[in-house]
Every structure is written in structure tokens, then in C-alpha cells.
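*Asks:* take a look and give me a structure for this.
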Amino acid sequence: NGDYSLNQASIANSDLLQLGNGSSFDLSGTFSQIGLGLVQMGTTITTVGSNISFNRPVTLTQGSSLSTGGTVGTISFAATMDGGYGLVLNAGNVTFSDIVGGGISLTSLNVTASGLINVAANQTVSLGPMSYIGDVVLTTASTTTQFIDGGASGITFQPSSSPAIAGNGGDCNLTLLANNSSISVLGTVNLSGSGTTNGGDLMATCSGNMSFTGEILTQGGGAGVNGGHGGNVSLNATGGTISIQNINTSGGSGSGTGGNAGNILLQPASGYSAGYPIGLIIVNADLSSGGDGNLVAVGGVGGSGGVI
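*Replies:* Model prediction:
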């Protein structure tokens, strides 16, 4: 407990480490938890461009805020993060190597990074908001990474550069789920394969409006003998409108047999209110070319096309 101003802190705890509610650490150097014991945290940790790292599972006991100053330094969690409180992170890069909110959901999660936000596993909040300002990279292939917001504040992705969300080399599947709110992705989603890998699937469901201001790319890789298959895209706004730009689920061509294209499903809200449809599908202009937005699901050479 208490407030600490230090050059740096390296804590090798063998038993439970409690960073008391309302405590603060103000450091000119790094903060690192390197022991084998668990961590309970309700604190504020601030460094001047230096790393903050946790080696073992962390449970929030109060709302917490960690910052490296914003443009440099990395905040990293090597194990799980749980607890029914909010977490705010601000760094050059942020790395989650395990599940967030899998045991006890966080109430909210706000991550800001001038560089990359690396996500290896599912992230869940109960109330929201769920906000990522930075370039999100899905680091685990051949699996589905889920972002789940159970509250009314919505899920937002806003990239520092582009894309807003990317798979690491293809075959990374993505699920966005906001059953009581909206989904807003302010940039490109690139789940395309590389080499011979398949493109990842994108499944997004929300009760409000859904907006993707950049392209959605789930194309199969085309650098091998056989092209990779394109991933499926399924967007379902049960109570609102879907706004998109370009979607491309085409299979990769390769030098031999091409991959199959993925399917595209767009399902806005059904029904009418005062004579007007509740839900619409809005295809916006292609911001990169200035032309029309497109839905493309073409198979590689010898592969089959997708269904739109």
C-alpha cells in the first residue's frame, strides 16, 4: 500500500503479491513482476518510457491504470488477467499473451498504443467500453480470437496506422460480439493468408449499428503450389445498420490449383419503423481508389467462388 517514487522495481514474489487498492508507483525505470506467485492489483503504475511487465496471472481488486508515457515502452502480460474492474493501458506497445476476462470479466478495457497491440487469446468485458487505439495484431494462428463486450458501450478499434486488426501471417480467425451495443472498426481488417495459408474467418454480431470504415480482407495466400482458401465473412447487426467499404474473400491462385473463396453474409436488422427499414446495408466508396466499394468472392484458378 502507499505511494512510491523509485528508479525501478523488480519484484520476485514466491507467494501472493498484493499491489494495494489506491497505491501508486512512479518510476523513472522499469516495473517487472518476475516471481512465481500470483498478483492482485488495484494500483496506478507510471514509468518514463520504460517497460511494465507481469509474469504471472493478475486479478484486479480495483480499477487500475498502467502507463509508460504513451509513445515508447511496452506493457506486457505473460499470463491471464481477471477481475470485475476496469483497466486502462497506455504505452508504445501492449502485449497480451493469455486470456483477459476469462475467469471474471473485466468491467471495461481501454488500450492505447502508438505501435502494436498484440493479442494472443480471448478478451471479455461485462460493461464496457472496450476500446483499442493502436494496431491490433492477432498472434495465435489456427484458432479464433474473440472480443466480447456484454455492456452497452460498444467495441471500438482505431488504428495508429493501418490495419486496425491484422492476423499474423494468416489462418487467424476473429469474432467480435457486442450483444447489447455496437461495433466500430475505423480501419482495415486484414486476415488474409500468406504463402499457402488460408485466410481467417471474420464473424461479427451486435445489437446496434456496425461500421467498418476500411477494407475487410480474408483472401487465401497465393505464394505456393496450391492457393490458400479465403475466409468467410459474416456480419450480423440484429438491431441496426451495417456500413462497409470493400470485402474480399477470394481464394489464392498459387502456381497450381487455386483456393476456394470464402462466403460473405451481411444481415442487418429486419422490419420497418414508420415506413422505413430499421436496418440497411450501406456500401461506401473505396477511400483508397475513390471508386465504388465492392464485395468480391472469386476462387483461385481451379477453385470455386464464394456465395454472397
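
*Asks:* return the residues in contact with residue 30.
*Replies:* 8-10, 47, 50-53 (CB atoms under 8 Å, 6 or more residues apart in numbering). From N, CA and C alone the C-beta is placed, and that goes for glycine too.

*Asks:* type out the PyMOL command that picks the buried ones from those.
*Replies:* To isolate the buried members of the contacts of residue 30 in PyMOL, using 16 or more other CB atoms under 10 Å:
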select buried, resi 9+47+50+51+52+53
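
*Asks:* the contacts of residue 30: which two are farthest apart?
*Replies:* Using CB to CB, the two most remote members of these are 10 and 47, lying 12.7 Å apart.

*Asks:* from the contacts of residue 30, which is closest to residue 110?
*Replies:* residue 52 (15.7 Å).

*Asks:* so who does the closest one touch?
*Replies:* Neighbour list for residue 52: 30-32, 45, 66, 68, 73-76, 91 [criterion: CB under 8 Å, 6+ apart].

*Asks:* farthest-separated two in those?
*Replies:* Based on CB to CB, the longest span within the contacts of residue 52 runs between 32 and 91 and measures 14.1 Å.

*Asks:* these two: which is more packed in?
*Replies:* Taking neighbours as other CB atoms under 10 Å, residue 32 and residue 91 compare with residue 91 leading, 28 against 18.

*Asks:* looks like the more buried one contacts residue 117 (just checking).
*Replies:* No - the criterion here is CB atoms under 8 Å, and residue 91 misses it with residue 117 at 9.2 Å.

*Asks:* residue 140 and residue 39, how far apart?
*Replies:* 23 Å (CB to CB, to the nearest Å).

*Asks:* looking at these two, which is more packed in?
*Replies:* Neighbour totals were compared for residue 140 and residue 39, and residue 39 leads with 23 against 17 (other CB under 10 Å).

*Asks:* on the strand side of things, show who the more buried one bridges to.
*Replies:* Judged by DSSP bridges, the bridge partners of residue 39 are residue 17, residue 58.

*Asks:* what sits against it?
*Replies:* By CB under 8 Å, 6+ apart, the contact list for residue 39 reads 13, 16-17, 19, 33, 54, 56-59.
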